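> Provided below for reference: sequence and predicted model.
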Number of protein chains: 2
Amino acid sequence: MTSLERFSVNQMTVKQLTLPELADACLELGVPGVGLWREPVQAYGVEATAKLVREAGLTVTTLCRGGFFTAIDPDERAAALADNRRAVEEAATLGTDTLVLVSGGLPVGSRDLHGARERIADALAELGPYAERHGVRLAIEPLHPMFASDRCVVSTLTQALDLAERFPAHQVGVTVDTYHIWWDDRAPEQIARAGAGGRIHTFQLADWTTPLPEGVLNGRGQLGDGAIDMREWKGYVEAAGYTGPIEVELFNDGLWARDGREVLAETASRFLAHTAD
Amino acid sequence: MTSLERFSVNQMTVKQLTLPELADACLELGVPGVGLWREPVQAYGVEATAKLVREAGLTVTTLCRGGFFTAIDPDERAAALADNRRAVEEAATLGTDTLVLVSGGLPVGSRDLHGARERIADALAELGPYAERHGVRLAIEPLHPMFASDRCVVSTLTQALDLAERFPAHQVGVTVDTYHIWWDDRAPEQIARAGAGGRIHTFQLADWTTPLPEGVLNGRGQLGDGAIDMREWKGYVEAAGYTGPIEVELFNDGLWARDGREVLAETASRFLAHTAD
């Protein structure tokens, strides 16, 4: 067992690599887990990806992402639910038990955060039992409040748990991602709440760096480059009983412009430097 | 009494106007209040500004801004406190009872949010009595969590009140600014808490629009252009007993590129459209 045993690289961190290149690089560097994204997996083929990662001996720690549940229009809502059922099926085919959910922002012209959050609950009520039948757990990801209008009206771990706890833990839990919650002094107690309920379905790392880029999406920092104490947050999830994989998910134009294998090696090295006991 | 009677324009909204131009435009448009900023006031002269606004019959609703209390270095801390005492004196000279505080981000290399917040409390303990002697109240402004590392480690109204309540309300209260707290489902109950304690020292409006610009500072939207229901938030502060001025504070490159008088007229018009009962 290496000290990378809990490390998983989210595919977006090195999106410049093809899936075979990613599998090769993981084998070479001793990276045991990957978090996958639906779009590149669909492009390569879901079955083909499942075969590739199985033969490489990789664990698929999560599939990203389902969600976008906040539409008001009935046809849009039906389409979103159908797409989420496909995401559940893909997760099952890939052999992961966790589908990460980015819940969706405000519909155009709407200013009703509360209503949008309730529509998420409605969608979870339909999707949860379907996921359970496929052996897949849904992991609501609170996104940083700067994404509240356009990506995800679930902005805190508290809000995510308030939603998740309406359903059984083996259907719905949460994603704990340092990037989104590091500023929140209530987050540590909410991690304890999530752990006590068996609802920490995945734990992800990224660092907070400034200045944020235009659109703020692709400014997630390499571990150690920013304001977040990774050991502190790893300590919180471990104290809450979480012993699973730790995924590093970086959206960063600077990292994407570099050689993907080199970025993966650097990320593994930073993971060790900033999380090892 | 006009229906603009509670409207105040923060100077930054129309920073392209000189102070005399701003006073003229306010008189012409029937704008009764202004929120001022230290730098342009110092450039024009504090006494001269006080005379200008007094003769124009304008109420100075706030002075922006004190704060930046999070340094660790003793000399830096002493310099920050001295500068804040000057800000208090300037507020008194200008005839406003409210100094808005942007509390400061993490010192370079630090990852200790809790420690930074405690240093703010230490500074308030020194500054509060000084402000009281000058008839000035300090108004801690929680800034949106996207500013937590580089501008203000106080990210929620809850955190701001946890700090403010260590001191008498006539020394330390909070700034309620829709832009920073609109995403927070706990904010309405915290507004009630602030109102019950007599700690809503100013109420500011700006709308939330996306995509955010690089650096995210100058993306505050004109009222009505974004995701925030202004009437809803005005209702929360009024239910909490707040009957004071309502300041519109926009940092927006697009507005700054236009004719300042035209922007002020538009802002007054939007204020009426989005806050009138």
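Great, that's in hand.

> which ones are touching A:G221?
A:G221 makes contact with A:206-209, A:250, A:252 under the criterion Cβ atoms under 8 Å, 6 or more residues apart in numbering or on different chains. Using the backbone N, CA and C atoms, a C-beta is placed for each residue, glycine as well.

> out of the residues you listed, who's nearest B:V136?
Compare each of the contacts of A:G221 with B:V136 using Cβ to Cβ and the shortest gap goes to A:W208, at 33.8 Å.

> The closest one: what's it in contact with?
Contact analysis of A:W208 by Cβ under 8 Å, 6+ apart lists A:178-179, A:182-183, A:221, A:226-228, B:148-149.

> Any idea how many residues pack against the closest residue to A:E249 other than its chain neighbours?
The shortest distance from A:E249 to any non-neighbouring residue, by Cβ to Cβ, 6 or more residues apart in numbering or on different chains, is to A:N10 (3.6 Å). As a burial measure, the neighbour count of A:N10 was computed by other Cβ atoms under 10 Å in any protein chain shown and equals 26.

> hey, what's A:N10 bridged with?
According to DSSP bridges, the partner residues bridging A:N10 are A:G35.

> where does A:E47 land on pLDDT?
On pLDDT, A:E47 comes in at 98.

> pretty sure it contacts A:T93?
Yes - contact status for A:E47 versus A:T93: in contact at 6.6 Å, counting by Cβ atoms under 8 Å.

> Strands along the stretch 151-277 of chain A, start to end?
A:172-177, A:200-205, A:207-208, A:220-221, A:246-248 (DSSP state E, counting those that start in this stretch).

> before we move on, back to that, what's the residue nearest to A:E249 in contact with, if anything?
Residues counted as contacts of A:N10 (Cβ under 8 Å, 6+ apart) are A:34-35, A:37, A:62, A:64, A:204, A:247-250.

> Report pLDDT for A:T2.
The model's pLDDT for A:T2 equals 53.

> What is the neighbour count of A:V88?
Using other Cβ under 10 Å, A:V88 has 23 neighbouring residues.

> What distance do you get for it to A:P129?
A:V88 sits 11 Å away from A:P129, going by Cβ to Cβ, to the nearest Å.

> Show me which residues of chain A are close to chain B?
By the criterion of Cβ under 8 Å from any Cβ of the partner chain, the positions of chain A lying close to chain B are A:106, A:111-114, A:117, A:144-146, A:148-150, A:153, A:155-156, A:158-159, A:182-186, A:208, A:210-216, A:226-229, A:232.

> Give me the phi and psi for the nearest residue to A:Y44 once chain neighbours are set aside.
In space, and not counting its chain neighbours, A:Y44 is closest to A:L19: 4.8 Å by Cβ to Cβ, 6+ apart. Backbone torsions for A:L19, taken as degrees, to the nearest 10, come to phi -60, psi -40.

> doesn't A:Q42 make contact with A:L19?
No - under the criterion of Cβ under 8 Å, A:L19 lies out of contact with A:Q42, with a separation of 11.1 Å.

> Show me which of the two is the more surrounded one.
A count of neighbours by other Cβ under 10 Å puts A:L19 above the other of A:L19 and A:Q42, at 20 against 12.

> Compare the strands of the stretch 151-277 of chain A and give me the one nearest A:R258.
Set against A:R258 and scored by Cβ to Cβ, the strands of the stretch 151-277 of chain A come closest in strand A:220-221, at 14.4 Å.

> Each with direction, which strands does the closest one pair with?
Under the criterion DSSP bridges, strand A:220-221 sits next to strand A:207-208 (antiparallel) in its sheet.

> A:E126 in helix, strand or coil?
The three-state assignment at A:E126 reads helix, by DSSP: H, G, I helix; E, B strand; the rest coil.

> shouldn't it be in contact with A:A78?
No - between A:E126 and A:A78 there is no contact, the gap being 10.2 Å when judged by Cβ under 8 Å.

> Overlap in contacts, these two.
By Cβ under 8 Å, 6+ apart, no residue touches both A:E126 and A:A78.

> can you pull the buried residues of the longest strand anywhere in chain A?
As far as residue count goes, and with DSSP state E defining each element, the longest strand of chain A is strand A:59-67. By neighbour count, and taking 16 or more other Cβ atoms under 10 Å in any protein chain shown as the criterion, the buried residues in strand A:59-67 are A:60-67.

> same check, this time on stretch A:27-36
Of the residues in stretch A:27-36, those buried under the neighbour-count criterion (16+ other Cβ under 10 Å) are A:29, A:31-36.

> ok, now stretch A:70-82?
Residues of stretch A:70-82 classed as buried by neighbour count (16+ other Cβ under 10 Å): A:70-71, A:77, A:80-81.

> Tell me the one among those residues nearest to B:V14.
Nearest to B:V14 among those: A:T70, at 35.5 Å, using Cβ to Cβ.

> which secondary structure elements does the longest strand of chain A contact?
strand A:7-10, strand A:33-37, helix A:38-44, helix A:74-94, strand A:98-102 (3 or more Cβ pairs under 8 Å, 6 or more residues apart in numbering or on different chains; DSSP states H and E).

> For stretch A:22-37, which outside residues touch it?
A:2, A:4-12, A:14-15, A:17, A:49, A:52-53, A:56-65, A:94, A:96, A:100, A:202, A:204, A:245, A:247, A:249, A:260-261, A:264-265, A:268.

> could you list every residue that touches A:V153?
Shown in contact with A:V153 (Cβ under 8 Å, 6+ apart): A:70, A:103-106, A:113, A:116-117, A:120, B:183.

> ok, A:E21 to A:A239 distance?
With distances defined as Cβ to Cβ, the gap from A:E21 to A:A239 amounts to 37 Å.

> what number of residues lie near A:R85?
16.

> doesn't A:A123 make contact with it?
No - under the criterion of Cβ under 8 Å, A:R85 makes no contact with A:A123, lying 10.9 Å away.

> A:R261: what's its closest spatial neighbour, skipping adjacent residues?
Spatially, and ignoring its direct neighbours in sequence, A:R261 is nearest to A:A25 (4.8 Å; Cβ to Cβ, 6+ apart).

> can you check A:A239 too?
In space, A:A239 comes closest to A:A192 once its chain neighbours are excluded; the distance is 7.1 Å by Cβ to Cβ, 6+ apart.

> Could you check how far that neighbour is from chain B?
Using Cβ to the nearest Cβ, to the nearest Å, A:A192 is found at 17 Å from chain B.

> same question, A:A82
Look at A:A82 and chain B: by Cβ to the nearest Cβ, they are 27 Å apart.

> Can you read off the pLDDT for that residue?
A:A82 carries a pLDDT value of 98.

> same deal with the one 10 residues further on?
Model confidence at A:A92, given as pLDDT, is 98.

> Below-threshold pLDDT in chain A: ranges please.
Applying pLDDT under 70 to chain A flags residues A:1-2.

> Give the bridge partners for the residue nearest the centre of it, please.
Against the mean C-alpha coordinate of chain A, by Cα atoms, centre = their mean, the closest residue is A:V100 at 4.9 Å. Listed beta-bridge partners, A:V100: A:C64, A:A139 (assigned using DSSP bridges).

> any idea how far it lies from chain B?
Distance from A:V100 to chain B, counting by Cβ to the nearest Cβ: 20 Å.

> who's in contact with that residue?
Listed by Cβ under 8 Å, 6+ apart, the contact partners of A:V100 are A:35, A:62-67, A:139, A:141, A:175, A:202.

> Also A:L94?
A:L94 sits next to A:36, A:41, A:46, A:49-50, A:53, A:60, A:63 when contact means Cβ under 8 Å, 6+ apart.

> Now with 6 Å, please.
Under the criterion of Cβ atoms under 6 Å, 6 or more residues apart in numbering or on different chains, the contact list for A:L94 reads A:50, A:60, A:63.
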